[in-house]
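Asker: Here is my input, please return the structure:
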Amino acid sequence: MHVLLAAGGTGGHIEPALNVGDALRRIDPSVDVTVLGGDRGLETTIVPGRGYELVTVPSVPMPRRPGRDLLFLAPRVRTAVARATDVIRVRAIDVVLGFGGYTAVPAYLAARRTHTPLVIHEANARPGIANRLGARLTPHVYSAFPDAMPGSRRMALPLRHAIATLDREGERESARREWGLTPDARVLLVFGGSQGAQRLNGIVAQALPGLRGQGIEVLHAYGPRNPAPDPAPGYVPVPFIDRMDLAYAAADLAVTRAGAMTCAELAAVGLPALYVPLPIGNGEQRLNALPVVTAGGGLLIDDADITAEWLVDTTAAVLHDDIRLRAMGAAAAGHGVRDADEQLARIVMRVGTGGGQ
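Answerer: Numbering: from 1, shown residues only. Model prediction:
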């Protein structure tokens, strides 16, 4: 079987696609997986780094809403669709799987042109224009949020295998040694996505004396493009965390934005979190976090409202209350799904061989 993954633009589009690719290879090593991405962006490094071949099409950034901007994209879209069509025909692709983003539209239109089965997954509570367009071209539409896409079937976000199979309790001691943290400390993990979050970085800098005064150690991914904080006893700043499974194992509580992948991973591993949604876009980050917060697996605060004092007081209140901490972890885990990668991989295989849903 030959599968084409349409994955480009952001980690939120690329990562779940590659996670399904990994699952396909585990289920049937003979499956051939090719990734269709843009000619610039994160996919140019992430995809080869995960051991997949990347075939590029001209990048076609899509506006968030339909309108006149779409008209000016027509020439670039035609070129990208022609390239994607060639890839599908030359490589005899059996099925296309897309997660939205700017390389998804050419792949979706090329699948339609070549009569290739198309499967779409939407990760966010509010879908982007690419998946809204693609959903009109196929009956095989899945979404992490039940009401995100009309007619879609529920499917959680596919996670990386190392995270889906993580035993936080069993890995805690070795993970803390890896980061240089005290084995029996209370540990707060702070991260703002792959590029960090300057707003959270500033709050952490102000809150650090109070957190340390409460006996709380901090593992902080500040982002490779942001200024590097100075390390201190009980404070471990790193630009980027490649092994998020080890970070989750080391932590007792997280402070983070609320991207779809972040929310899905934290729930799956049962790590409680204080969610600070990114205050731009169409508000999807807040909606991403609401289900796990409503279930009791986290707390939600607006970006404009978070202060260093709130962070110290709230973190200490959660981390020094064992009963509350365990209850929040159990609620998060009860909301999480660990095997969506294999579920979706098997669906892709059935669709690619002419089977049903």
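Asker: doesn't residue 191 make contact with residue 247?
Answerer: Yes. Checked against C-beta atoms under 8 Å, the pair residue 247 and residue 191 is within contact range at 7.5 Å. For the C-beta atoms, the positions are set from N, CA and C on the backbone; glycine is no exception.
Asker: list residues touching both of those two?
Answerer: Shared between the contact lists of residue 247 and residue 191 (criterion: C-beta atoms under 8 Å, 6 or more residues apart in numbering) are residues 221, 241.
Asker: neighbour count winner among those two?
Answerer: Set residue 247 next to residue 191 and count neighbours by other C-beta atoms under 10 Å: residue 191 wins out with 24 against 21.
Asker: Give me the nearest residue to the more buried one, chain neighbours excluded.
Answerer: residue 221 (4.0 Å; C-beta to C-beta, 6 or more residues apart in numbering).
Asker: May I ask which helix or strand encompasses the spatially most central residue of the chain?
Answerer: Ranked by distance to the mean C-alpha position of the chain (C-alpha atoms, centre = their mean), the top residue is residue 261 at 2.4 Å. Assigned by DSSP states H and E, residue 261 belongs to helix 260-269.
Asker: following that helix, which helix or strand shows up next?
Answerer: strand 273-275.
Asker: and residue 137, helix, strand or coil?
Answerer: Applying DSSP: H, G, I helix; E, B strand; the rest coil to residue 137 yields a three-state assignment of coil.
Asker: Let me see the contact set for it.
Answerer: 108-109, 111-112, 118.
Asker: Thought residue 18 was touching the residue nearest to the centre of the chain, still the case?
Answerer: No. With contact taken as C-beta under 8 Å, residue 261 and residue 18 are classed as non-touching, separated by 11.5 Å.
Asker: which stretches of the stretch 101-250 of the chain form helices?
Answerer: When secondary structure is read from DSSP state H, counting those that start in this stretch, the stretch 101-250 of the chain shows helices at 104-114, 129-134, 161-164, 168-179, 198-213, 244-250.
Asker: can you redo the ones you listed as TSV with distance to residue 324?
Answerer: Below are the helices of the stretch 101-250 of the chain laid out as TSV (distance: least, C-beta to C-beta, whole Å):
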stretch	distance to residue 324
helix 104-114	41
helix 129-134	38
helix 161-164	24
helix 168-179	17
helix 198-213	18
helix 244-250	19
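Asker: and residue 78, which of those is closest to it?
Answerer: Residue 78 lies closest, by C-beta to C-beta, to one member of the helices of the stretch 101-250 of the chain: helix 104-114, at 9.2 Å.
Asker: Buried residues in that closest one, which are they?
Answerer: Neighbour-count burial for helix 104-114 flags 104-112 (criterion: 16 or more other C-beta atoms under 10 Å).
Asker: Ends of stretch 216-236, what's the gap?
Answerer: The first and last residues of stretch 216-236 sit 12 Å apart, counting by C-alpha to C-alpha, to the nearest Å.
Asker: Which residues outside it are in contact with it?
Answerer: Counting by C-beta under 8 Å, 6+ apart, 179-182, 185-198, 201, 204-205, 208, 211-212, 237-241, 247, 250-251, 315-316, 319 sit against stretch 216-236.
Asker: Excluding chain neighbours, give the residue nearest to residue 128 in space.
Answerer: The shortest distance from residue 128 to any non-neighbouring residue, by C-beta to C-beta, 6+ apart, is to residue 100 (5.1 Å).
Asker: now swap in residue 43 and tell me
Answerer: Leaving aside its chain neighbours, residue 43 sits nearest to residue 37 (3.5 Å; criterion: C-beta to C-beta, 6+ apart).
Asker: Correct me if wrong: the one you found contacts residue 47.
Answerer: Yes. Taking contact to mean C-beta under 8 Å, the distance of 6.1 Å between residue 37 and residue 47 places them in contact.
Asker: between those two, which one's more packed in?
Answerer: Just comparing residue 37 and residue 47: by other C-beta under 10 Å the higher neighbour count belongs to residue 37, 29 against 25.
Asker: Ramachandran coordinates for that one?
Answerer: Torsion angles at residue 37 (phi, psi; degrees, to the nearest 10) stand at phi -140, psi -180.
Asker: which residues does it contact?
Answerer: 7-8, 14, 43-44, 47, 54-57, 103.
Asker: Dump those residues to JSON lines, plus pLDDT, secondary structure and distance to residue 232.
Answerer: JSON lines is the format used below for the contacts of residue 37 (pLDDT from 0 to 100; DSSP: H, G, I helix; E, B strand; the rest coil; distance: C-beta to C-beta, whole Å):
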{"residue": "7", "pLDDT": "85", "secondary structure": "coil", "distance to residue 232": "39"}
{"residue": "8", "pLDDT": "79", "secondary structure": "coil", "distance to residue 232": "39"}
{"residue": "14", "pLDDT": "92", "secondary structure": "helix", "distance to residue 232": "34"}
{"residue": "43", "pLDDT": "90", "secondary structure": "helix", "distance to residue 232": "36"}
{"residue": "44", "pLDDT": "88", "secondary structure": "helix", "distance to residue 232": "36"}
{"residue": "47", "pLDDT": "94", "secondary structure": "helix", "distance to residue 232": "37"}
{"residue": "54", "pLDDT": "96", "secondary structure": "strand", "distance to residue 232": "40"}
{"residue": "55", "pLDDT": "95", "secondary structure": "strand", "distance to residue 232": "46"}
{"residue": "56", "pLDDT": "93", "secondary structure": "strand", "distance to residue 232": "43"}
{"residue": "57", "pLDDT": "90", "secondary structure": "strand", "distance to residue 232": "46"}
{"residue": "103", "pLDDT": "83", "secondary structure": "coil", "distance to residue 232": "42"}
